[in-house]
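In: no FASTA, just this:
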């Protein structure tokens with residue numbers, strides 16, 4: 001009997017269906033060894049040697065696997081193909097104490113019969129370079145977390161924590177908030193005209209874009225008085241078509257998904273968090289429906305694109321079939337260990353033909369299926385027209401001359417848009433000729449103000465992390481989850497990230513006193529060094545030592561230099577009903593709360609009730625009981641919700657702002 005070990009029961013069931021009676025497939029139920037939670041678990045004096053333990057919850061499973069491994073002819077470790085999967089395979093081999101001669105490591109990018117059989121024909125040994133890279137990441141994160149967090153406890157408040165990569169994400173959000181606070185809007189104006197042919201009713205909208213031959217930039221017209229002068233001119237001017245440019249434009253399909261782009265698109269279209277998206281796609285992968293979902297590669301197998309071509313020709317017809325399959329070049333300089341982009345394992349598995357665990361899984365699968373299929377369809381073709389219009393005051397050669405432009409576009413062939421709809425605006429212009437005169441109907445001056453940069457949502461935060469090389473496909477979702485769970489940031493009603501007071505204070509301390517920990521370039525460089533370890537070009541102990549030694553010296557110095565920084569306390573007019581002393585507003589780990597100023601003798605605390613106003617600015621009545629008011633509250637984990645002020649008499653509650 002050959003024993004195959006994977007991480008999850010779902011994956012084990014799927015693979016079992018492809019193998020015969022000579023194989024038994026078991027699950028490790030995730031990681032079976034880790035660093036201890038109760039202590040550092042790293043001997044910094046002995047070349048950063050880690051101490052791994054088998055957690056209590058995993059011991060029964062390990063003993064059972066150890067028994068089966070002893071009886072097996074061969075132990076085949078079939079964990080995921082990335083660094084974390086390689087590390088799990090190594091931990092299994094260590095914990096089960098299996099002889100190297102009877103241990104095999106296999107990897108595959110999709111859980112299909114052909115992929116599993118191909119992997120079994122090509123076993124290999126555990127790649128210790130990949131294991132070392134994963135160990136290095138784990139040890140680095142442990143050193144930062146377990147050494148820096150006690151510093152925050154002493155200098156700010158108990159139970160705070162700092163993470164190596166999460167702290168950089170927090171910094172991005174805090175700095176964006178600073179930009180928004182400092183932003184000063186600037187006024188500017190744009191001017192458009194409504195014109196028509198002399199003998200045709202159809203109107204043309206044209207935008208002013210040049211004055212005396214010089215192109216206007218965005219802030220070119222700064223004041224209302226400037227705009228009024230231009231309007232006065234344009235109302236007296238004559239208009240003539242100067243140039244007509246007609247051309248065919250093509251819009252190419254987007255490439256199939258990587259982890260980052262899947263999380264971004266799922267956030268935008270489905271409103272799923274990165275954590276949810278990865279949970280749903282993990283299930284799809286383990287059930288054999290999609291390829292591995294942690295990847296930064298755009299590669300596609302020849303078999304997959306040929307299968308897509310067959311489906312397209314069968315279901316959509318020859319006109320939607322490309323002459324040759326379309327392949328994409330991976331643009332990310334970070335892509336290094338994934339084999340393919342995320343795609344369906346079989347293009348003929350249409351979303352409507354499959355059964356899913358729930359609607360959410362179907363939504364994510366449909367997103368992946370459509371994106372991949374669309375990537376193999378022809379471009380969408382548009383007929384585009386650009387018209388340049390000249391305006392001048394006749395018989396006044398010294399008067400200002402204005403140029404306007406009008407653009408039109410019509411869809412000629414939908415191409416990939418048939419499967420992957422995207423927003424576009426069709427605007428058909430009337431047939432015009434060069435030098436043709438036009439009649440002015442109206443001039444429209446529009447006032448605008450520049451806007452501050454938008455706060456990050458999940459999609460553009462992930463995009464920014466990827467752009468700077470912070471983290472890897474497997475880390476984006478945990479990074480975003482952790483900074484929310486620590487109550488350093490929260491999602492506002494527009495689903496965008498804002499830092500909490502405690503998040504801003506933690507970031508301030510880290511930026512001022514531990515700049516290397518939150519430095520974007522330094523963190524990106526560390527990712528590159530982890531890649532070097534995975535490639536066998538660097539030793540993991542050397543990389544950690546180069547980081548840890550200066551970090552340790554700085555930390556020791558800061559313990560004596562930095563004074564305790566308490567969040568500001570606010571006075572209130574309320575009196576403690578238990579002891580009669582004034583109540584004050586404090587900032588805790590989960591935000592603001594009201595507490596007795598007599599602490600520690602009196603430990604009375606109260607939740608701050610923030611009453612919500614309706615559209616008229618009046619106090620909003622509870623929609624359920626019509627007696628209480630709607631107030632904003634927090635859960636024990638720090639998440640905002642809206643509820644009735646009469647709770648528990650009225651149990652109205654909503655995650656969304658009513």
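Out: That came through fine. From a predicted model like this one, the values you see are computed outputs, not experimental measurements. Residues are numbered from 1 along each chain as shown.

In: what does stretch 268-277 contact?
Out: 262-263, 266-267, 280, 360, 363-364, 367, 458-459, 462, 476-478, 480-481, 495 (C-beta atoms under 8 Å, 6 or more residues apart in numbering). To be clear about C-beta, it is placed using only N, CA and C from the backbone, and glycine gets the same treatment.

In: Only the buried members of the residues you listed: can you turn that into a PyMOL selection?
Out: Of the contacts of stretch 268-277, the buried ones can be selected in PyMOL as follows, counting by 16 or more other C-beta atoms under 10 Å:
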select buried, resi 262+263+266+267+280+360+363+364+367+458+459+462+476+477+478+480
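
In: any idea how far whatever helix or strand residue 371 lives in is from the chain center?
Out: Assigned by DSSP states H and E, residue 371 falls within helix 359-375. In terms of C-alpha atoms, centre = their mean, to the nearest Å, the centre of helix 359-375 is found 18 Å from the chain centre.

In: Pull out the buried positions in that helix.
Out: 360-375.

In: Return the member of the residues you listed nearest to residue 429.
Out: residue 374 (29.0 Å; C-beta to C-beta).

In: give me every residue that touches that closest one.
Out: Contacts of residue 374 (C-beta under 8 Å, 6+ apart): 253-254, 416, 419-420.

In: go with 7 Å
Out: 253, 416, 419-420 (C-beta atoms under 7 Å, 6 or more residues apart in numbering).

In: Who wins on neighbours among these?
Out: For those, neighbours were counted using other C-beta atoms under 10 Å, and residue 416 has the most, 25 neighbours in all.

In: surely it meets residue 380?
Out: Yes - contact status for residue 416 versus residue 380: in contact at 6.2 Å, counting by C-beta atoms under 7 Å.

In: quick one on the thing from earlier: quick check: the farthest pair among the contacts of residue 374?
Out: 253 and 419 (8.7 Å).

In: Need the overlap of contacts for the two.
Out: With C-beta under 7 Å, 6+ apart as the test, residue 253 and residue 419 both reach 374, 377.

In: Are we agreed that residue 180 is in a helix?
Out: Yes - the assignment for residue 180 is a helix, going by DSSP: H, G, I helix; E, B strand; the rest coil.

In: got a markdown table for the contacts of residue 374, with secondary structure too?
Out: Shown next, in a markdown table, are the contacts of residue 374 (three-state DSSP):
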| residue | secondary structure |
| --- | --- |
| 253 | coil |
| 416 | helix |
| 419 | coil |
| 420 | coil |
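
In: pLDDT below threshold where in this structure?
Out: 331-338, 609-618, 636-639 (pLDDT under 70).

In: Let's see that with 80 instead.
Out: 200, 330-339, 566-568, 588-592, 607-618, 632-640, 656-658 (pLDDT under 80).

In: can I see the domain layout of this protein?
Out: 2-126, 147-182+455-561, 187-251+389-449, 259-375, 570-654 (automatic domain parsing).

In: From the opening residue of the third one to its closing one, how far?
Out: Between the opening and closing residues of domain 187-251+389-449 there is a gap of 5 Å (C-alpha to C-alpha, to the nearest Å).

In: how far out from the middle of the chain is that domain?
Out: 38 Å.

In: Same question for the second one.
Out: Its chain's average C-alpha position is 16 Å from that of domain 147-182+455-561, according to C-alpha atoms, centre = their mean.
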